[in-house]
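Asks: my questions are about this predicted structure, shown below with the sequence.
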Amino acid sequence: MNPYVTGTMIRRLREAKGLTQEELAARLHVTSKAVSKWETAQGFPDISLLESLAKALDISIIELFSGESVTNRNRASNLQRSVLYVCPVCGNSILSFGQAVVSCCGITLPPLQPEEPDDAHAIQLAYSDGEYYVTIDHPMGKDHFITCIAAVSDNALQLVKTFPEGSAEARFRPQRVRWIYAYCNRHGLFRIDAKALKR
């Protein structure tokens, strides 16, 4: 992959918008020969053109650099299909309704893929006093801890931030909850199906 902006990406997006090389060139105030050179990897668009190029192609600048276009297929904003991104540098957590290009601390973040909990990250779920009570028997030291626990339904996200030297536990309203998530700052995202709990 090209470390700057890929010509195949420019061509694919231009054709998807039904634009000729001449029409794209006119929007950017360059020659069609310049666009042709970009698309055949004989040259690159000047950095001063990137914002205009991204706008003309309906794509973000980050997507131009990554060489991949991202389409959010969760148009209904169903929270069960949401995607979580966590920055490994600062710990910033970003929730998106669907696929996105997300960057933090100069890093493009990959979407987290939830895993089945292992023995070290077992999520215990109980129903008590009309609430879900979630506990995780996990170290909560300053360098290794559960950062948050969440309950997700199709229309709501309930999130509890947990802290080092505290306890990894949370209480949630059970209405329509499908998934229980826990994020470990060293080992990633884990989830269980709340529907498996018999009340």
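Replies: Structure received.
Asks: thought Phe172 was touching Gly130?
Replies: No. Using CB atoms under 8 Å, Phe172 makes no contact with Gly130, being 10.7 Å away. Quick note: C-beta positions are derived from backbone N, CA and C, even for glycine.
Asks: the longest helix anywhere in the chain: how far from the chain's middle?
Replies: In the chain, taking DSSP state H as the definition, the longest helix is helix 7-16. Relative to the centre of its chain, helix 7-16 is centred 24 Å away, using CA atoms, centre = their mean, to the nearest Å.
Asks: other SSEs contacting that helix?
Replies: Packing contacts for helix 7-16, counted by 3 or more CB pairs under 8 Å, 6 or more residues apart in numbering; DSSP states H and E, involve helix 32-39, helix 50-57.
Asks: more crowded one of Phe172 and Gly130?
Replies: Phe172 (22 against 9; other CB atoms under 10 Å).
Asks: residues touching the nearest residue to that one once chain neighbours are set aside, list them.
Replies: If the residues on either side of it in the chain are set aside, Phe172 comes closest to Ala151, at 3.9 Å by CB to CB, 6 or more residues apart in numbering. Ala151 is in contact with Tyr132, Val134, Leu157, Gln158, Ala170, Phe172, Arg173, Val177, Trp179, Ile180, Tyr181, Ala194, counting by CB atoms under 8 Å, 6 or more residues apart in numbering.
Asks: in the protein, what helix or strand scores lowest on average pLDDT?
Replies: Here the helix or strand of the chain ranked lowest by mean pLDDT, DSSP states H and E is helix 61-66, holding a mean of 70.
Asks: and Phe145, backbone torsions?
Replies: Reported as degrees, to the nearest 10, the phi and psi values for Phe145 are phi -160, psi 170.
Asks: not counting its neighbours along the chain, what's nearest it?
Replies: In space, Phe145 is closest to Pro164, 4.8 Å off (CB to CB, 6+ apart).
Asks: how about the strands in the protein?
Replies: Using DSSP state E, the strands found in the chain span residues 83-86, 93-96, 102-104, 107-109, 123-128, 131-136, 146-152, 157-161, 169-172, 179-184, 188-193.
Asks: what about Ala100, neighbour count?
Replies: 18.
Asks: swap in Val30?
Replies: There are 18 residues near Val30, going by other CB under 10 Å.
Asks: now Glu63
Replies: That count, for Glu63 with other CB under 10 Å as the rule, works out to 20.
Asks: and it, how far is that from Phe44?
Replies: 16 Å (CB to CB, to the nearest Å).
Asks: how about Cys87?
Replies: Per CB to CB, Cys87 is found 29 Å from Phe44.
Asks: Ser32: what's it in contact with?
Replies: Contacts of Ser32 by CB under 8 Å, 6+ apart are Thr20, Gln21, Glu22, Ala25.
Asks: which among these count as buried?
Replies: Gln21, Ala25 (16 or more other CB atoms under 10 Å).
Asks: how confident was the prediction at the closest residue in space to Tyr133 that isn't next to it in sequence?
Replies: Spatially, and ignoring its direct neighbours in sequence, Tyr133 is nearest to Ala126 (4.8 Å; CB to CB, 6+ apart). The model reports Ala126 with a pLDDT of 95.
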